[in-house]
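> Okay, here's the prediction I keep looking at, along with the sequence it came from:
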Amino acid sequence: MPKAIAALALLFCSTAAIAQVDAYSKLSGSLTITSENGDDPPPGAVKDRVGFVLYGASAKQVYDAMKVKPALNVCEDGMRIKTAGALECSRDEQDNYTCMFAIMLANGRSKPFGSC
């Protein structure tokens, strides 16, 4: 009987560990080391932040989890946008999702990333 209890305990622990790993999902996106004007930095601009862009299922997961209401994006017709601090996520009419944010390299603080 003690062997059966030990086996069940081991099985439970293994299942719990697998369940914790499943809470993470793979990311689809890109990053760039850039300056304040990330789209088109002028020559000699200080590259002081890392800009992140998430796409697809990764961005949808974040968009859906954000507790703010979507608003119309003034930059693009038919696009909805959610903004919370430096995090900006959008959904277009074809249900394509994108999220963007930047992290300052000197202090780790978040900043908005991207522009119209």
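Nice, thanks for sending it over. Numbers count the residues shown, from 1 in each chain.
> dump the residue contacts of Y63.
Applying Cβ atoms under 8 Å, 6 or more residues apart in numbering, we find Y63 in contact with 82, 89-91, 97, 99. Every C-beta, even on glycine, is put in place using the N, C-alpha and C of the backbone.
> Okay, and L54 sits in which element?
L54 is part of strand 49-55 when elements are defined by DSSP states H and E.
> Turn the contacts of Y63 into JSON lines, columns for distance to K111.
As requested, these are exported to JSON lines (distance: Cβ to Cβ, whole Å):
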{"residue": "K82", "distance to K111": "17"}
{"residue": "C89", "distance to K111": "16"}
{"residue": "S90", "distance to K111": "17"}
{"residue": "R91", "distance to K111": "22"}
{"residue": "Y97", "distance to K111": "21"}
{"residue": "C99", "distance to K111": "14"}
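> okay if I get these as CSV plus pLDDT and secondary structure?
Formatted as CSV, the contacts of Y63 follow (pLDDT from 0 to 100; DSSP: H, G, I helix; E, B strand; the rest coil):
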residue, pLDDT, secondary structure
K82, 96, strand
C89, 96, strand
S90, 95, strand
R91, 96, strand
Y97, 96, strand
C99, 96, strand
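> neighbour-wise, which of the residues you listed leads?
Tallying neighbours with other Cβ atoms under 10 Å puts C89 at the head of those, with 25 neighbours.
> re the thing from before, I'd like the average pLDDT over the strand holding L54.
If you average the pLDDT over strand 49-55, you get 95.
> quick one, helices of the chain?
According to DSSP state H, the chain carries its helices in the segments 2-22, 56-65.
> Would you single out the least confident of these?
helix 2-22 (a mean of 41).
> Fine by me, thanks again.
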